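*Asks:* my questions concern the predicted model and sequence given below.
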Amino acid sequence: MITPQKIQELADPIESVYIHMVDQLLVNIGKHITSPAWTHTASWEIQKLSELGQLTQENAEIINAWIAEMPQEIRDTMEATRAAALDRLEQQLSRAAEDGYIAPAMTDSTEQVLTAYMQQAADRLNLVNTTMLQSSVEQYQRAVALTEQEVSRLEAQKSATQEFLNEAAGNVVSGAETRVQAINRVIRRISDEGLTGFIDRAGRHWAPEAYVNMDIRTTVHNVAIQSIQNRMQDYGTDVFQVSSHAGARPGCYPYQGKFYSWNNSSGSIELGNGSVVDYEPLNSTTYGQAAGLFGINCGHYPIPVIPGVTIPHGADNIQPEEENKKAYAESQEQRALERQIREAKRVVEMAGDTATKEDRAKVRDLQSQMREFVGRTGRTRRYDRESVNVSAQSHSLQRDSTRGIVNKEALHTYHDPMREKMGSAFDSHPHEVEKIIRRLEQAGVEILWQDGNMSYSPSLIPGNPGQMIMDRAASYSAWLHEQKHFDDDARLGYPGFTALIENPRQFAEMEYNAYTVEIEFARANGYEGIAKRLERLRFERRQEILGTQRGNKQAQK
């Protein structure tokens, strides 16, 4: 059946695309605004506005890269939704028809449901794409104008002080510092405002990710409900029971576990256990209202009732209202914290070299709040919802700082051999891996989640901690490997990515150290065969970094 968790699972891939697409568009705006930041006011504004065409083209390419596979993604989501909604139901209806309880179905009308909702979803997302591109252009123009206003305001403030007058000889430097300060403030403002993906009839501006979140979840839910309704009608049955779940909204809670009819009739029906229950018209509920039963973001679904066959589902196990309200409030609090963490990280990405210590400290503070929240409530932390991923999913190859060139298809357990024995670190060493994540976050490391990738990349800015990209299925051994890269980066004083690449011997030494940690872990756990494979990987990785291969005498000095 389609549970709230299943709805989220089905909608997540499309929602995630738009979350990361917006991140990348805003970071691209930040890249243009922040480089260079020291030009004279008039020249800077002219230069930035001259980049408008280039920015528009780049942002269009970003959108196209992310949505290249969206039509198939939509179809896959809708088909998976139908399959999940009808899971076991088809078998129950068919058996009931064979036993004579209901009439056999003469047709399958659920394909029409898929076709209609796929087209509807595609049309709405195309509108979001167009609106979002235009919004990114408008926000860039606004950022340029706001920066000039902020520079003028800050310079007026400084000129009012004797200190500024005494340092007149340093006007060029002061002007550069003023512009960096102005840019940083504008970046934060633009990031907070985000982009517009949809404007509703009331004139309200929806962020792309917020609108897609609402629309896709609602579409998934509608496909599920409509598929069930259509299939019930195909078999000539009309009465259903409303499902129950924790965290139900106030507009849905009163109807959990009760019986209703699609055709708005009322009456009584005998269930499979011999009991007789009353059912009411569906239009006697909040059905049809945005925040009502089966409405926007509702997590309920209809459970078909086959006369004389169906056993009631969960009517006696509905969560007490106070517990229900608490669970719902906690879910909303977690989503709000996730958004705040992601938005704080986005400011740092947008600001680049102009990012302040306060910007980075805000990320760490919010992550600390999330750790406290998870510890207090016992809820599962969703790291993927806190990440800022500024690489389009269509990018096929990526340089992995620990394991060479990899992609989603090419990464096998050979690159993480301990996974074959222990599985994911979250299964084998949940407390230990949480401790690693907490330590890295407190140090200021950005952790991103990406299937088929495991890497630690030093920061482009010397003196700052780097970024870690991890596959959620990575073994604890792989986490130890990447943690060792961070330890070495910190030990060297965070020299930066460029310094590391320009020093291949240092790079090779870091790889040697990281693989050695994995080898020792494998032997400590009795996996000699895995240790041997890791030794081979360590050798091959060193050869790759230093430009040597067996039999090649042109090794770099």
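*Replies:* The structure has been received and is ready for your questions. Numbers count the residues shown, from 1 in each chain.
*Asks:* what about residue 470, distance to residue 440?
*Replies:* Distance check for residue 470 against residue 440: by C-beta to C-beta, to the nearest Å, it reads 10 Å. From N, CA and C alone the C-beta is placed, and that goes for glycine too.
*Asks:* which neighbours do those two share?
*Replies:* residue 447 (C-beta atoms under 8 Å, 6 or more residues apart in numbering).
*Asks:* wasn't residue 103 part of a strand?
*Replies:* No - applying DSSP: H, G, I helix; E, B strand; the rest coil, one finds residue 103 to be coil, outside a strand.
*Asks:* who are the contact partners of it?
*Replies:* 97, 235, 236.
*Asks:* residue 194 too?
*Replies:* 22, 26, 207.
*Asks:* for residue 384, see how far away the spatially closest residue to the last one that is not a sequence neighbour is.
*Replies:* Pointing back at residue 207 there. Once flanking residues are discounted, residue 207 sits nearest to residue 194: 4.8 Å by C-beta to C-beta, 6 or more residues apart in numbering. Note on residue 194: its distance to residue 384, by C-beta to C-beta, is 19 Å.
*Asks:* do the same with residue 375
*Replies:* Distance from residue 375 to residue 384, by C-beta to C-beta: 20 Å.
*Asks:* for these two, indicate the residue with more neighbours.
*Replies:* Neighbour count, other C-beta atoms under 10 Å: between residue 375 and residue 384, residue 384 has more, with 16 against 10.
*Asks:* tell me the pLDDT of residue 394.
*Replies:* Here the pLDDT value assigned to residue 394 is 34.
*Asks:* ok, now residue 85?
*Replies:* Reported pLDDT for residue 85: 85.
*Asks:* quick check: it touching residue 223?
*Replies:* Yes - here residue 85 reaches residue 223: they are 7.2 Å apart, a contact under C-beta atoms under 8 Å.
*Asks:* where does the stretch 51-200 of the chain have low pLDDT?
*Replies:* Within the stretch 51-200 of the chain, the ranges that satisfy pLDDT under 70 run 158-176.
*Asks:* show me where it has helices.
*Replies:* Counting by DSSP state H, counting those that start in this stretch, the stretch 51-200 of the chain has these helices, from start to end: 52-67, 70-85, 89-98, 110-159, 162-166, 171-193.
*Asks:* low pLDDT regions in the protein?
*Replies:* Short version for the chain, where the test is pLDDT under 70: 1-5, 36-42, 158-176, 312-321, 324, 389-414, 451, 547-557.
*Asks:* where along it do the strands fall?
*Replies:* 198-199, 205-206, 239-242, 259-261, 267-270, 276-281, 302-304, 398-400, 404-406, 446-449, 455-457, 467-470 (DSSP state E).
*Asks:* how about the last one: buried residues?
*Replies:* Residues of strand 467-470 classed as buried: 467, 468, 469, 470 (neighbour count, 16 or more other C-beta atoms under 10 Å).
*Asks:* name the helices or strands packed onto it?
*Replies:* strand 446-449, strand 455-457, helix 476-491 (3 or more C-beta pairs under 8 Å, 6 or more residues apart in numbering; DSSP states H and E).
*Asks:* can these go into TSV with extra columns for distance to residue 157?
*Replies:* TSV is the format used below for these (distance: least, C-beta to C-beta, whole Å):
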stretch	distance to residue 157
strand 446-449	33
strand 455-457	39
helix 476-491	38
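*Asks:* residue 194 and residue 484, how far apart?
*Replies:* Taking C-beta to C-beta, one finds residue 194 at 37 Å from residue 484.
*Asks:* before we move on, what about residue 322?
*Replies:* From residue 322 to residue 484 the distance is 48 Å (C-beta to C-beta).
*Asks:* which of the two has more neighbours?
*Replies:* residue 484 (20 against 8).
*Asks:* shouldn't residue 117 be in contact with residue 75?
*Replies:* No - under the criterion of C-beta under 8 Å, residue 117 is not in contact with residue 75, lying 10.3 Å apart.
*Asks:* higher neighbour count, these two?
*Replies:* Between residue 117 and residue 75, residue 117 has the larger neighbour count (other C-beta under 10 Å), namely 21 against 15.
*Asks:* ok, residue 82 - contacts?
*Replies:* 110, 113, 114, 223, 224, 227.
*Asks:* quick check: phi and psi on residue 287?
*Replies:* phi -60, psi 130 (degrees, to the nearest 10).
*Asks:* for residue 231, see how far away it is.
*Replies:* Distance from residue 287 to residue 231, by C-beta to C-beta: 19 Å.
*Asks:* neighbour count: those two, which is higher?
*Replies:* Looking at residue 287 and residue 231 with other C-beta under 10 Å, you find the greater number of neighbours at residue 231, namely 22 against 19.
*Asks:* is it true that the more buried one touches residue 91?
*Replies:* No - in this structure, residue 231 is not within contact of residue 91 by C-beta under 8 Å, at 11.6 Å.
*Asks:* the stretch 301-450 of the chain: helices as residue ranges?
*Replies:* Using DSSP H, counting those that start in this stretch, helices in the stretch 301-450 of the chain cover 321-351, 357-377, 419-422, 425-428, 430-443.
*Asks:* now distance to residue 277 too, for those, in TSV please.
*Replies:* Converted to TSV, the helices of the stretch 301-450 of the chain look like this (distance: least, C-beta to C-beta, whole Å):
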stretch	distance to residue 277
helix 321-351	22
helix 357-377	36
helix 419-422	50
helix 425-428	42
helix 430-443	43
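*Asks:* for the ones you listed, which one sits closest to residue 528?
*Replies:* helix 419-422 (11.6 Å; C-beta to C-beta).
*Asks:* export that closest one as CSV, just CAs?
*Replies:* Output in CSV follows, covering the C-alpha atoms of helix 419-422 (Å, rounded to 0.1, in the frame of the first residue of the first chain):
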residue,chain,number,x,y,z
ARG,A,419,31.3,-3.7,1.8
GLU,A,420,31.0,-7.4,0.6
LYS,A,421,31.6,-8.6,4.2
MET,A,422,30.1,-5.9,6.4
